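Enquirer: Give me a 3D structure for the following:
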Amino acid sequence: MASGKTSPVVGKKETIVSLKKQINLVQSVGIIVGIIIGSGIFVSPVGILANVKSVGMSCIMWGICGVFSGLCALCYAELGASIPLSGGEYIYIKRAFGDFPAFLCLWINFIIIAPVGIAASSLIFATYVLKPAFRDCEPPGPALRLIAALVVSSLIIINCINVKWSAKISVIITISKLGALILIIIIGLVWIGQGESDNFKDAFTDSDYSAGSIAIAFYSGFWAFGGWSYLNFLTDELVEPHKNLPRAIVISISIVTIVYLIANVAYFAVLTPREMLISSAVAVTFTDQTYPSLSWITPILIAISVVGSINGNSLSMSRLFMTGAENNHLPSFISMINIKYLTPVPSLLVVMILTVLMQSFEEIFYLIELMGFGFSTVLTCVFAGQVYLRYKEPNLYRPIKLPIALPIILMILSIVILALTIYQKPQESGVGVLFIASGAPLYLIFVYWENKPAIIREWIVTCATIIQKTLYVCPSEETKNKV
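Expert: This next block holds a predicted model:
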């Protein structure tokens, strides 16, 4: 959302609009929980189990992922409260290390994290929607991609028209998805109460304790917790960000970790490891074996849950790209705001286009591992920057100040996870490295090279003008560098 004076005649007078502070604590928690509890809890149990091989190690991995995410969130809370600007890790890396590292962080989010994460969630949404019609086989690929593209496009349109609708949808969907998980938890606890606990006997039999397997399993669990950092992208729109940002992060992570751990216990109370591994829709298989009469409602509740994750991701990432464009790291039109709806329409449409392209990768776990590699790279840089800022800006006002050992430890752990991933999954890691490395020449050509020939500058201006008139957008008040 935005506020300010506008002019309907594009090109006659600079139009000044700005994002408005309108997201309160409850909506903040709704957005974060809405992003985190999406497709992950309904898919990641399979990804973790496939790597660590046992019920006991699976539960431990969920706990590890929750603790790690919580500690990371605390570090982000310190950074977000100290540097209350939209843009999240992009802004923090820029503040610590300068222009080029910040551009690479933005590029990783632009080309990997945002489109891959939303694409994976939308494909999972399509899988659950189609599963009732294809109970004995996998849904066809073209149908999956079509439905995935439709849901992403619909949510992007809603975000383009009114961000308040999006925030309200996040709260409503969060209630729905918690309802779905509570249903699973209650059923699981009933089964445990009836003595169905065979899967917990010898829970660590056949466990794979190798570092590589644990690292890949970690990505699946960490992806299920993904989203705890996204509220930092919306800081400019938060009411009292110094107070509400850390509160929202701590409350959200606590809720999600508890719910996830109990939900996994419920899964294993009903399904054997083999049944989970051969299922493409774990929650549907779960209800089929417990209360078949509820089979029809489970895919609906899970689909709603995934919609919330897609909605929150789109909302948050569009603000990150907008901030990057304001700092001249992306085309200028991405930073503009629609004059009629006062929303970042160009940035949202870019998210939609990139997501639809990534939906061509139908292997969901491949997407998860690719996204995990990119995000671990960004985390390493963020924690290194947090440590460096303590030295570079010792007098920076920090409403929250954590022990310096915490970001140092998290930085080391992120480096170890990256190294193990490269060793265990060289192909996926190679693709990730190529994506990241492709940002270097783009930076040199489009950012560092300022004195471009007149013909190129004219072409860029012409393209931006066409887009501006087509989308009816104008520059925001934050077109000057914020950092």
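Enquirer: To what extent is the nearest residue to Gly87 once chain neighbours are set aside buried, counted in neighbours?
Expert: Spatial nearest neighbour of Gly87, excluding adjacent residues (C-beta to C-beta, 6 or more residues apart in numbering): Thr323 at 3.7 Å. Yep, even glycine has a C-beta here, placed from its N, CA and C like the rest. Thr323: 29 surrounding residues under other C-beta atoms under 10 Å.
Enquirer: Check which element follows the helix or strand containing Thr323 along the chain.
Expert: According to DSSP states H and E, Thr323 maps onto helix 297-326. With elements assigned by DSSP H and E, the helix or strand that comes after helix 297-326 is strand 337-338.
Enquirer: Next, the buried residues of the next helix or strand after that following strand.
Expert: Sequence-wise, the next helix or strand downstream of strand 337-338 (DSSP H and E) is helix 345-358. Residues of helix 345-358 classed as buried under the neighbour-count rule (16 or more other C-beta atoms under 10 Å) are 345-352, 354-356, 358.
Enquirer: what sits up against helix 345-358?
Expert: 110-111, 114-116, 118-119, 122, 149, 152-153, 156, 159-160, 314, 317-319, 321-322, 325, 333-338, 367, 467, 471, 473 (C-beta atoms under 8 Å, 6 or more residues apart in numbering).
Enquirer: Turn the buried ones among these into a named PyMOL selection, would you?
Expert: Paste this into PyMOL to select the buried members of the contacts of helix 345-358, with burial taken from 16+ other C-beta under 10 Å:
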select buried, resi 110+111+114+115+116+118+119+122+149+152+156+159+160+314+317+318+319+321+322+325+333+334+335+336+337+338+367+467+471+473
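Enquirer: so where do the strands sit in the chain?
Expert: Applying DSSP state E to the chain gives strands spanning 2-3, 18-19, 337-338, 473-474.
Enquirer: Can you flag the weakest of these by average pLDDT?
Expert: The stretch with the lowest mean pLDDT among the strands of the chain is strand 2-3, at a mean of 46.
Enquirer: Now tabulate the buried residues of helix 345-358 in a markdown table and tack on distance to Glu138 and pLDDT.
Expert: A markdown table is the format used below for the buried residues of helix 345-358 (distance: C-beta to C-beta, whole Å; pLDDT from 0 to 100):
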| residue | distance to Glu138 | pLDDT |
| --- | --- | --- |
| Val345 | 36 | 88 |
| Pro346 | 36 | 90 |
| Ser347 | 34 | 89 |
| Leu348 | 31 | 90 |
| Leu349 | 31 | 91 |
| Val350 | 31 | 91 |
| Val351 | 28 | 90 |
| Met352 | 26 | 91 |
| Leu354 | 26 | 90 |
| Thr355 | 22 | 90 |
| Val356 | 21 | 89 |
| Met358 | 20 | 85 |
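Enquirer: biggest separation within those, which pair?
Expert: The distance between the two most remote of these (C-beta to C-beta) is 20.7 Å, for Val345 and Met358.
Enquirer: The residue nearest to Gly87 and Gly98: what is the separation?
Expert: The gap separating Thr323 from Gly98 is 16 Å, by C-beta to C-beta, to the nearest Å.
Enquirer: same question, Leu420
Expert: 29 Å.
Enquirer: again with Ala149
Expert: For Ala149, the distance to Gly98 - C-beta to C-beta - is 38 Å.
Enquirer: Equivalent analysis for Ala114, please.
Expert: Distance from Ala114 to Gly98, by C-beta to C-beta: 23 Å.
Enquirer: Now do the contacts for Gln359.
Expert: Contacts of Gln359 (C-beta under 8 Å, 6+ apart): 119, 122-123, 145, 148-149, 152.
Enquirer: Which ones among those residues lie within helices?
Expert: If you go by DSSP state H, the contacts of Gln359 have 119, 122-123, 145, 148-149, 152 in helices.
Enquirer: could I get those residues as CSV with distance to Thr257?
Expert: Below are the ones in helices among the contacts of Gln359 laid out as CSV (distance: C-beta to C-beta, whole Å):
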residue, distance to Thr257
Ala119, 26
Ser122, 25
Leu123, 26
Arg145, 33
Ala148, 28
Ala149, 33
Val152, 28
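Enquirer: Give the residue spans of the stretch 301-450 of the chain that score low on pLDDT.
Expert: Within the stretch 301-450 of the chain, the stretches with pLDDT under 70 are 362, 364-365.
Enquirer: how does it look with 90?
Expert: 301-328, 330-345, 347, 356-379, 396-402, 413-414, 416-436, 445-450 (pLDDT under 90).
Enquirer: now do the stretch 151-300 of the chain
Expert: In the stretch 151-300 of the chain (pLDDT under 90), the answer is 154-300.
Enquirer: at 50 instead, please
Expert: Within the stretch 151-300 of the chain, no stretch has pLDDT under 50.
Enquirer: picking up where we left off before, which one's more surrounded, Leu420 and Gly98?
Expert: Leu420 (19 against 11).
Enquirer: Just give me how far the helix holding Thr323 sits from the chain centre.
Expert: 8 Å (C-alpha atoms, centre = their mean, to the nearest Å).
Enquirer: what does stretch 394-410 give?
Expert: On C-alpha atoms, centre = their mean, the centre of stretch 394-410 falls 24 Å from the chain's centre.
Enquirer: If you count neighbours, what's buried in it?
Expert: So stretch 394-410, judged by 16+ other C-beta under 10 Å, has buried residues 398, 406-407, 410.
Enquirer: Out of the residues you listed, which is nearest to Ile455?
Expert: After measuring those against Ile455 - C-beta to C-beta - the closest member comes out as Pro407, at 46.7 Å.
Enquirer: does the closest one really touch Phe383, like I thought?
Expert: Yes - contact criterion C-beta atoms under 8 Å: Pro407 and Phe383 qualify, at 4.3 Å.
Enquirer: Give the residues shared as contacts by the two.
Expert: What both Pro407 and Phe383 touch, as defined by C-beta under 8 Å, 6+ apart, is the set Cys75.
Enquirer: Leu245: neighbour count?
Expert: There are 26 residues near Leu245, going by other C-beta under 10 Å.
Enquirer: cool, Phe446 as well?
Expert: Neighbour number of Phe446 under other C-beta under 10 Å is 15.
Enquirer: Please apply the same query to Ile157.
Expert: 13.
Enquirer: so what's it up against?
Expert: So Ile157 contacts nothing (C-beta under 8 Å, 6+ apart).
Enquirer: gap between it and Asn311?
Expert: Distance from Ile157 to Asn311, by C-beta to C-beta: 11 Å.
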